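Novice: need coordinates for the following:
(one chain, ligands or ions: 1)
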Amino acid sequence: MTARTHDTAALLALISYVIVVPPGKMTLATGLAAVLANQLGGIAPDIDQPTAPLWRNIPIGRYFGRIFGALVGGHRFFCHSILGVAVFGALSMLLLQFLQPIMPNIDINFVWVAFLTGVVSHLIMDSLTKEGVPWLLPIPYKFGFPPIRSWRVTTGKWVENIIILPGLIALTTWLCATNYTTLADLIQRQLIK
Ligand SMILES: [Zn+2]
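Specialist: Next up is the predicted model:
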């Protein structure tokens, strides 16, 4: 899937999570940091390819990207598995704990959950593509949905652009509209705090 689809899916996943498990009191800073972390999480697994936004945006990044990709076994390997999610989870928590002193108004636990929601949504979306995802590494089998490979999506092609992405946007809008009170309440609490 393209980064645009992943970002939309990550936001949809975060909104769904907030609706199902409403977080407690939250500062505006926490809310903003959570959305940012969620969007980063939504594209984080693709740092295993040299064309990832991270590598494209730093000097000689593609070079580092190629080395990093080789270290983690290439595209759609370690970073696209449950083991990879665990490592993303551990490293991001370490980083958040390190940053906590300079951002005292931010609930790092919620930001962390938002980041991981993005990462997991990435793997789910990639499972809909022809290549599939090696969820259960070290078992090197790539799982996909639907199980019949030819029924799955080709990244960047019309099914993604005309059905999946607009579908995700429509679903996100619908969720926001039908849960307006819950979401508005959350924002209100943020502003009061
Ligand atoms: Zn991916």
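
Novice: mind giving me the packing neighbours of the helix or strand hosting residue 120?
Specialist: In the assignment (DSSP states H and E), residue 120 maps to helix 108-127. Packing partners of helix 108-127 (3 or more CB pairs under 8 Å, 6 or more residues apart in numbering; DSSP states H and E): helix 3-20, helix 28-43, helix 82-99. C-beta coordinates here come from the backbone N, C-alpha and C atoms, glycine included.

Novice: send me it as PDB with only the CA atoms.
Specialist: As requested, the backbone C-alpha atoms of helix 108-127 are provided in PDB (Å, rounded to 0.1, in the frame of the first residue of the first chain):
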ATOM      1  CA  ILE A 108       3.600   9.000  26.900                       C
ATOM      2  CA  ASN A 109       1.600   5.800  27.400                       C
ATOM      3  CA  PHE A 110      -1.300   7.100  25.200                       C
ATOM      4  CA  VAL A 111       1.200   8.400  22.600                       C
ATOM      5  CA  TRP A 112       2.900   5.000  22.600                       C
ATOM      6  CA  VAL A 113      -0.500   3.200  22.100                       C
ATOM      7  CA  ALA A 114      -1.300   5.600  19.200                       C
ATOM      8  CA  PHE A 115       2.100   4.800  17.600                       C
ATOM      9  CA  LEU A 116       1.600   1.100  17.900                       C
ATOM     10  CA  THR A 117      -2.000   1.400  16.600                       C
ATOM     11  CA  GLY A 118      -0.500   2.900  13.500                       C
ATOM     12  CA  VAL A 119       2.200   0.100  13.200                       C
ATOM     13  CA  VAL A 120      -0.400  -2.700  13.500                       C
ATOM     14  CA  SER A 121      -2.800  -1.000  11.000                       C
ATOM     15  CA  HIS A 122       0.100  -1.000   8.500                       C
ATOM     16  CA  LEU A 123       0.500  -4.700   8.800                       C
ATOM     17  CA  ILE A 124      -3.200  -5.300   8.400                       C
ATOM     18  CA  MET A 125      -3.300  -3.100   5.300                       C
ATOM     19  CA  ASP A 126      -0.300  -4.800   3.700                       C
ATOM     20  CA  SER A 127      -2.000  -8.100   4.300                       C
END
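
Novice: up against the ion, what does the chain have?
Specialist: 45-46, 126 (CB under 5 Å from the ion).
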